[in-house]
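> I need the structure of the sequence given here:
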Amino acid sequence: MTVDQSTQQLPEFAKALTEPRRPRIALMGEFSAGKSTLANLMIGSDPLPVQVIATQLPPVWISYGTSPATIVDLEGKEASCDVETLEGLSSEHTAFIRIQCEEEILKMCDVIDMPGISDPNMSSEVWERVLPLADAVIWCSPATQAWRQSEASVWEMVPEHIREHSLLLLTRGDMLSSHRDRAKVLKRVRRETEKLFRHTLMVSLTQARDAGDHPHVWAESGAEPFVDEFLNVISLLANHVSSDTVGKPFSALANASNPTADQGVAAEAAPKVDVDRVVPRRPVAKSVRARPTPRIDPAEEPSFTPKFS
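Next up, the predicted model:
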């Protein structure tokens, strides 16, 4: 797998990206690793109906806005679609599905929910052709089978400029029987993935989802460190993107903004921009038209709300 550094070599379907350029975070991992659940919780609503999430879909590109859902083909042509009836969609001829939502987190970044890498019924080309447009990856790996060789083999193909801003998230931490077991798995995976990710963390997405107003449940889920690192990544990437760089990949943006920069410098050394603090809350089903306004302490800074599963 290679990534085109030149904007002249971008795929035709990149022409469909006409909104202001925001950091693009791809969610990747093997089938049923929790990617779609994570996307729903981060965004705060379900952009796809439950019956569709489990089907074989091409990448789902979710951004801020109010436009109807569309299907983007390999030539960048868009066609309207009904997200309730996507089961028969051909991933072979589709670049991605575009969905827009008016959720606060999407004002800061786009989320790209990728197909599972281990799906035997879908060619890896379906996600490989979209990956060069991502700026970073959150790789989901179930803690009970953390970091399998099949995952490591795929990750070796991911370009360095994406890997250095990416997070490895060990999901289903609550499926391990004790804190000791969780610590052992996390230690092993961190050793095996040293220098392959910006950070490796473990989380129970179901606990985070159900935490509600119970801070001890949220703390137990392990979601807080992930939220912090996610915001750090967004801050880093936001320094290199702007509304006039719609189609360019991060590698080209970073080089253009600092042509003499050492690409081997660790991500922590890069400057950060200010990001509002995140306040988690329970996700809202699509059938609910309105959600209660969160109570905000006047002494606190403004916040937005991602959800995690």
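> what residues does stretch 56-64 touch?
19, 22, 26, 39, 43, 47-48, 72, 86, 89, 91, 94-103, 106-107, 110-115, 119, 121-122, 126-127, 130 (CB atoms under 8 Å, 6 or more residues apart in numbering). From N, CA and C alone the C-beta is placed, and that goes for glycine too.
> now, those residues that are in helices?
Taking DSSP state H, the ones among the contacts of stretch 56-64 that sit in helices are 39, 43, 126-127.
> the residues you listed: which two are farthest apart?
Greatest spatial distance in these: Ile43 and Val126, 21.8 Å, computed using CB to CB.
> between these two, who's got more neighbours?
Taking other CB atoms under 10 Å, Ile43 and Val126 do not tie; Ile43 has more neighbours (23 against 20).
> just give the nearest non-adjacent residue to that one, would you?
Glu103 (5.0 Å; CB to CB, 6 or more residues apart in numbering).
> picking up where we left off before, and the ones in helices among the contacts of stretch 56-64 as JSON lines, adding distance to Tyr64 and pLDDT?
Converted to JSON lines, the ones in helices among the contacts of stretch 56-64 look like this (distance: CB to CB, whole Å; pLDDT from 0 to 100):
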{"residue": "Ala39", "distance to Tyr64": "14", "pLDDT": "80"}
{"residue": "Ile43", "distance to Tyr64": "10", "pLDDT": "83"}
{"residue": "Val126", "distance to Tyr64": "25", "pLDDT": "92"}
{"residue": "Trp127", "distance to Tyr64": "23", "pLDDT": "92"}
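> between those, which sits nearest Ile234?
The shortest approach to Ile234 among the ones in helices among the contacts of stretch 56-64 belongs to Ile43, at 14.0 Å (CB to CB).
> around Gly212, how many other residues sit close by?
Gly212 has 11 neighbours, counted by other CB under 10 Å.
> correction: the previous question concerned Ile162.
Residues near Ile162, counting by other CB under 10 Å: 20.
> so how far is the host helix or strand of it from its chain's centroid?
Using DSSP states H and E, Ile162 sits in helix 160-163. From the chain centre to the centre of helix 160-163 is a distance of 14 Å (CA atoms, centre = their mean, to the nearest Å).
> for it, give the mean pLDDT please.
For helix 160-163, mean pLDDT rounds to 93.
> repeat for stretch 208-223
Rounded mean pLDDT across stretch 208-223 is 86.
> okay, now the sheet partners of the helix or strand following the helix holding Ile162, with direction.
Sequence-wise, the next helix or strand downstream of helix 160-163 (DSSP H and E) is strand 167-171. Here strand 167-171 is paired, per DSSP bridges, with strand 136-142 (parallel), strand 199-202 (parallel).
> please list the outside residues in contact with strand 167-171.
Residues outside strand 167-171 that contact it (CB under 8 Å, 6+ apart): 33-34, 38, 136-143, 146-147, 185-186, 189, 193, 196-205, 226, 229-230, 233.
> do the same with stretch 105-114
The contact list for stretch 105-114 (CB under 8 Å, 6+ apart) reads 22-28, 35-36, 39, 42-44, 59-64, 96, 100, 127, 130-131, 133-134, 234, 237-238, 275, 304-306.
> could you rerun that using 6 Å?
The list of residues contacting stretch 105-114 from outside it, by CB atoms under 6 Å, 6 or more residues apart in numbering, reads 22-28, 35-36, 39, 59-64, 127, 134, 234, 304, 306.
> in strands only, show me these.
Taking DSSP state E as the definition of strands, the contacts of stretch 105-114 contribute 24-28, 60-64, 304.
> I'd like those written out as JSON lines, with distance to His179, neighbour count and pLDDT added.
Formatted as JSON lines, those follow (distance: CB to CB, whole Å; neighbours: other CB atoms under 10 Å; pLDDT from 0 to 100):
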{"residue": "Arg24", "distance to His179": "35", "neighbour count": "22", "pLDDT": "95"}
{"residue": "Ile25", "distance to His179": "29", "neighbour count": "27", "pLDDT": "96"}
{"residue": "Ala26", "distance to His179": "31", "neighbour count": "25", "pLDDT": "96"}
{"residue": "Leu27", "distance to His179": "27", "neighbour count": "25", "pLDDT": "95"}
{"residue": "Met28", "distance to His179": "28", "neighbour count": "26", "pLDDT": "94"}
{"residue": "Val60", "distance to His179": "35", "neighbour count": "25", "pLDDT": "91"}
{"residue": "Trp61", "distance to His179": "38", "neighbour count": "25", "pLDDT": "93"}
{"residue": "Ile62", "distance to His179": "34", "neighbour count": "30", "pLDDT": "92"}
{"residue": "Ser63", "distance to His179": "38", "neighbour count": "20", "pLDDT": "92"}
{"residue": "Tyr64", "distance to His179": "38", "neighbour count": "19", "pLDDT": "92"}
{"residue": "Phe304", "distance to His179": "31", "neighbour count": "17", "pLDDT": "41"}
